[in-house]
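**Student:** what follows is a predicted structure for the sequence shown.
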Amino acid sequence: MWNIMMNKRKLKITTESLWYIQTYIRLVHKHIGPNECGGFLAGEPGSDIVDMALLAPHQTVTPSSVTIDAQGVLAAGREIQKHGKQAKGWWHSHGQLPVFHSSTDDTNTEHILSQIELYLKTFGDMGQIQFSIKHT
Ligand SMILES: [Zn+2]
């Protein structure tokens, strides 16, 4: 179990979930270069433990940015809901840049999580996730 900070809230992440994130980053690096990539963190409703890590579908990556489009955010929300989990946050790599937390990261976190909640309240489950990762 590892400790992480999410919007100034301390969460714990399972070793398996961290392994998935590290594997996603290595796969993106291997196949499309040292670009950023991102995904979502989920866990049991009300829990402070992240036990599910997803690679976000529909993301556009560069060596210094990752953008997850609305379709990707919503598809991830559906996947999280399908597993009976609750979105806890999102993760992203920094390509070859060092680890740091920016105000952009805070803004993106609030935006993405609110999109997931709004979508699920409005539409419910909409089916399967189609993945695409574009490099610009
Ligand atoms: Zn960042």
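**Tutor:** Sure, I can see it. Numbering: from 1, shown residues only.
**Student:** got the buried residues for stretch 54-66?
**Tutor:** Buried residues in stretch 54-66, defined by neighbour count with 16 or more other C-beta atoms under 10 Å: 54-61, 66. Using the backbone N, CA and C atoms, a C-beta is placed for each residue, glycine as well.
**Student:** for stretch 92-103, same thing?
**Tutor:** Those would be 92-95, for stretch 92-103 by 16+ other C-beta under 10 Å.
**Student:** which parts of the chain are strands?
**Tutor:** Ranges of strands within the chain are 2-6, 9-13, 38-43, 49-50, 52-55, 59-62, 65-68, 86-92, 133-135, based on DSSP state E.
**Student:** just the ones you listed: most buried one?
**Tutor:** strand 38-43 (a mean of 24; mean count of other C-beta atoms under 10 Å).
**Student:** got the angle for that strand vs strand 9-13?
**Tutor:** Strand 38-43 and strand 9-13 are oriented at 90 degrees to each other (axes from the mean of the first three to the mean of the last three C-alpha atoms, to 10 degrees).
**Student:** what angle separates strand 38-43 from strand 86-92?
**Tutor:** Going by the same axes, to 10 degrees, strand 38-43 makes 150 degrees with strand 86-92.
**Student:** partners of strand 38-43, with directions?
**Tutor:** Within its sheet, strand 38-43 is paired with strand 52-55 (antiparallel), strand 86-92 (antiparallel), according to DSSP bridges.
**Student:** quick one: contacts of it?
**Tutor:** Applying C-beta atoms under 8 Å, 6 or more residues apart in numbering, the contact partners of strand 38-43 are 4, 6, 11, 13, 17, 21, 24, 49-56, 59, 66, 68, 76, 80, 83, 85-93, 112, 116.
**Student:** give me that answer again for 6 Å
**Tutor:** The contact list for strand 38-43, computed with C-beta atoms under 6 Å, 6 or more residues apart in numbering, reads 49-56, 66, 76, 80, 85, 87-92.
**Student:** the residue lying closest to residue 48 once chain neighbours are set aside pairs with what?
**Tutor:** The spatial neighbour of residue 48 that comes closest, neighbours along the chain excluded (C-beta to C-beta, 6 or more residues apart in numbering), is residue 11 at 5.2 Å. Note on residue 11: beta-bridge partners residue 4, judged by DSSP bridges.
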